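*Asks:* Sharing a model prediction with you, sequence too.
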Amino acid sequence: MAFPGLTDSMEWMEVRTPQDAYHFGLYQGGMFGIEPSLFQSGVFRPQVKPLSVDNLYAVGASIHPGGGIPIVIQGAQLMVRQLVQDFQITSASTTARST
Ligand SMILES: Cc1cc2nc3c(=O)[nH]c(=O)nc-3n(C[C@H](O)[C@H](O)[C@H](O)COP(=O)(O)OP(=O)(O)OC[C@H]3O[C@@H](n4cnc5c(N)ncnc54)[C@H](O)[C@@H]3O)c2cc1C
């Protein structure tokens, strides 16, 4: 070996950029969905029913209430509430279907 101990004396660090994130499918390479700017937050952010199309629902970082795992879980809960309301799902109807 021409340079003994060379590998051990090297430090290695892998750095990922927004460009890499973009290639992994993240919208514009962002970690938390669309930018949480004023007019993309709260009521201005896409909602669980983002379009007036029947039976189309949305959830995830770019949807209200926003990005980050705990917040996305809250969004999932909001979507379930919407589904329960829209499809008039009751505990009795779910029990009836599962038996
Ligand atoms: C590097 C990094 C670090 C982070 N750290 C934290 C943290 O410490 N704490 C925190 O709360 N949040 C963190 N976040 C943010 C958090 O991960 C996201 O906000 C959250 O995961 C978004 O959830 P999501 O369901 O919208 O999307 P994702 O979790 O990305 O889920 C989308 C899923 O859909 C799949 N998918 C995409 N396209 C298709 C397709 N066409 N067909 C089928 N499946 C498809 C993807 O493979 C993926 O599994 C981090 C994000 C990144 C990138």
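*Replies:* Great, that's in hand.

*Asks:* Could I get the average pLDDT for the lengthiest helix in the chain?
*Replies:* As assigned by DSSP state H, the longest helix anywhere in the chain is helix 69-86. Helix 69-86 shows a mean pLDDT of 96.

*Asks:* Spell out which parts of this protein neighbour the ligand.
*Replies:* Residues of the chain found near the ligand (Cβ under 6 Å from any ligand atom) are 21, 25, 26, 31, 32, 60, 61, 67, 68, 69, 70, 72. (Each C-beta comes from the backbone N, C-alpha and C, glycine too.)

*Asks:* Surely the fifth one touches residue 70?
*Replies:* Think residue 32. No - counting by Cβ atoms under 8 Å, residue 32 stays clear of residue 70, with 11.8 Å between them.

*Asks:* Columns distance to residue 49 and neighbour count on top of the residues of the chain next to the ligand, output as JSON lines?
*Replies:* Formatted as JSON lines, the residues of the chain next to the ligand follow (distance: Cβ to Cβ, whole Å; neighbours: other Cβ atoms under 10 Å):
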{"residue": "21", "distance to residue 49": "28", "neighbour count": "15"}
{"residue": "25", "distance to residue 49": "23", "neighbour count": "7"}
{"residue": "26", "distance to residue 49": "23", "neighbour count": "17"}
{"residue": "31", "distance to residue 49": "25", "neighbour count": "10"}
{"residue": "32", "distance to residue 49": "21", "neighbour count": "15"}
{"residue": "60", "distance to residue 49": "14", "neighbour count": "14"}
{"residue": "61", "distance to residue 49": "17", "neighbour count": "20"}
{"residue": "67", "distance to residue 49": "19", "neighbour count": "20"}
{"residue": "68", "distance to residue 49": "22", "neighbour count": "14"}
{"residue": "69", "distance to residue 49": "23", "neighbour count": "8"}
{"residue": "70", "distance to residue 49": "22", "neighbour count": "8"}
{"residue": "72", "distance to residue 49": "17", "neighbour count": "19"}
